[in-house]
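S.K.: I would like to see how this sequence folds:
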Amino acid sequence: MSLPLPKTNKGIAVCSLLVSLVALGLKYAAWVSSGSIALYSDAIETIINVVSALGGLWALSVAERPADHNHTYGHYKAEYLSAVAEGALVLVTAFVIAREAVEGWLHPQPTLAPYIGIALNGAATALNLLWGLTMLQAGRARRSPALVAGGQHVLSDVWTGAGLVVGMVLIPLTGWARLDAVLAGLIALNVLRVGWGVMRDSIAGLMDQAPDPETIDQIRDIIADNGRGAIEAHDIRTRIVGAMTFLDFHLIVPGAMTVTEAHDICDRIEHGLRRQMGNTLVHIHVEPDNMAKHEGIVFWPRPETPSA
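M.R.: Just a heads-up that it's a prediction; the model follows:
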């Protein structure tokens, strides 16, 4: 289940900011009504959601700008910068929450009205679940690192909220005040896990890490299906930056082939890639048949070389 989305990633970021503010209001009220350190820790994490939503809105606004003379390959990596910053904020949040958990363990305090806090926090958790799934689905479909990172962060908040509901119910039943601090500590560990994952994936994007094997196989299949008339394609390199795929390779054609014929093959391959991969920037280096390496993609049947 997901919510209807705006057409642009920037519009999704605006919605994410609004959802984060509503969730923050509910969680703040849950903490005030209960005095729970665990609910206070959850509210702190949601503040980071608001800050992250602001960062995501900035990153998506920059990423949507067209290429210019200073950024000839576009501004897509702004999304990775936002995701790295979000991961760093999440890690800081984890340490702040851990500090509160230690303080709560050393000086346990009884909760005031736990069931009111549970109800308010539960409402915020349900809202985050719906929005987190929506963001994650949209981010993967649109290949947006900022949206994927935001969705993962919001969903981490859902697991936190679900654990809090169970834990807060147990506090008045067991009478163990330190359970509140234990819950806050578990929140810190979960936040730490998510923050590390977001930073790891974003840094991989900034370092131009190759895409997953399934995507590479898809690209090779597209080249093979549309390269009729060529002999071979080798030295294939690709990277994905946000919503843009960058690809370059060498295409071997018969030495007697005309420039026009070779150009037509290149056009056919490029159109096939853009049709199935979306935004794709392709650079093809055409070479004669004596430069073949007999590796990579070998087209079959091989084109006949005109007799002398």
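
S.K.: element containing the nearest residue to Ala29 once chain neighbours are set aside, please.
M.R.: In this structure, Ala29 finds its nearest non-sequential neighbour in Leu120, 5.1 Å apart by C-beta to C-beta, 6 or more residues apart in numbering. C-betas here are computed from N, CA, C, even on glycine. For Leu120, the enclosing helix or strand under DSSP states H and E is helix 114-142.

S.K.: and that helix, what does it pack onto?
M.R.: Judged by 3 or more C-beta pairs under 8 Å, 6 or more residues apart in numbering; DSSP states H and E, the packing partners of helix 114-142 are helix 9-34, helix 37-63, helix 145-174.

S.K.: Arg31 touches Thr46, doesn't it?
M.R.: Small correction: residue 31 is Trp, not Arg. No - the criterion here is C-beta atoms under 8 Å, and Trp31 misses it with Thr46 at 10.2 Å.

S.K.: Looking at those two, which one has more neighbours?
M.R.: Using other C-beta atoms under 10 Å, the more surrounded residue of Trp31 and Thr46 is Thr46, with 26 against 20.

S.K.: Identify the residues contacting that one.
M.R.: Neighbour list for Thr46: 20, 23-24, 27, 124, 157 [criterion: C-beta atoms under 8 Å, 6 or more residues apart in numbering].

S.K.: Which secondary structure state is assigned to Ala233?
M.R.: Counting by DSSP: H, G, I helix; E, B strand; the rest coil, the backbone at Ala233 sits in strand.

S.K.: The closest residue to Gly55 other than its chain neighbours: helix or strand, and which one exactly?
M.R.: Excluding its sequence neighbours, the residue lying closest to Gly55 (C-beta to C-beta, 6+ apart) is Ser82, at 4.8 Å. Secondary-structure assignment from DSSP H and E places Ser82 in helix 78-106.

S.K.: Quick check: which helices or strands does that helix pack against?
M.R.: Helix 78-106 is packed against helix 37-63, helix 145-174, helix 179-206, with contacts defined by 3+ C-beta pairs under 8 Å, 6+ apart.

S.K.: Quick one: distance of the last one to the chain centre.
M.R.: This means helix 179-206. Relative to the chain's own centre, helix 179-206 is displaced by 15 Å; criterion: C-alpha atoms, centre = their mean, to the nearest Å.

S.K.: so what does that helix touch, helix or strand wise?
M.R.: Identification of packing neighbours for helix 179-206 by 3+ C-beta pairs under 8 Å, 6+ apart yields helix 37-63, helix 78-106, helix 145-174.

S.K.: Reformat these as TSV; add distance to Met207 and mean pLDDT.
M.R.: Formatted as TSV, the helices and strands packed on helix 179-206 follow (distance: least, C-beta to C-beta, whole Å; pLDDT from 0 to 100):
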stretch	distance to Met207	mean pLDDT
helix 37-63	18	77
helix 78-106	9	77
helix 145-174	13	75
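
S.K.: which of these is buried the deepest?
M.R.: Across these, averaging neighbours per residue (mean count of other C-beta atoms under 10 Å) puts helix 37-63 on top, at a mean of 23.

S.K.: ok, Lys77 touching Ile203?
M.R.: No - applying C-beta under 8 Å, one finds Lys77 not in contact with Ile203, separated by 11.6 Å.

S.K.: Looking at the two, which has the bigger crowd around it?
M.R.: Neighbours per residue (other C-beta under 10 Å) separate Lys77 from Ile203, with Lys77 holding more: 21 against 14.

S.K.: For the more buried one, give me the backbone phi and psi.
M.R.: Note on Lys77: backbone dihedrals following degrees, to the nearest 10 are phi -70, psi -10.

S.K.: so what's it closest to, chain neighbours aside?
M.R.: Residue nearest to Lys77 in three dimensions, not counting chain neighbours: Val241, with 5.7 Å by C-beta to C-beta, 6+ apart.

S.K.: same check, this time on Val148
M.R.: In space, Val148 is closest to Gly139, 3.6 Å off (C-beta to C-beta, 6+ apart).

S.K.: Quick check, pLDDT for the one you found.
M.R.: On the pLDDT scale, Gly139 is placed at 82.

S.K.: what's stretch 64-74 in contact with?
M.R.: So stretch 64-74 is in contact with 8-10, 63, 75, 241, 244, 246, 281, going by C-beta under 8 Å, 6+ apart.

S.K.: Make TSV out of those and add distance to Ala233.
M.R.: Converted to TSV, these look like this (distance: C-beta to C-beta, whole Å):
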residue	distance to Ala233
Thr8	35
Asn9	33
Lys10	37
Ala63	30
His75	30
Val241	22
Met244	21
Phe246	16
Leu281	17
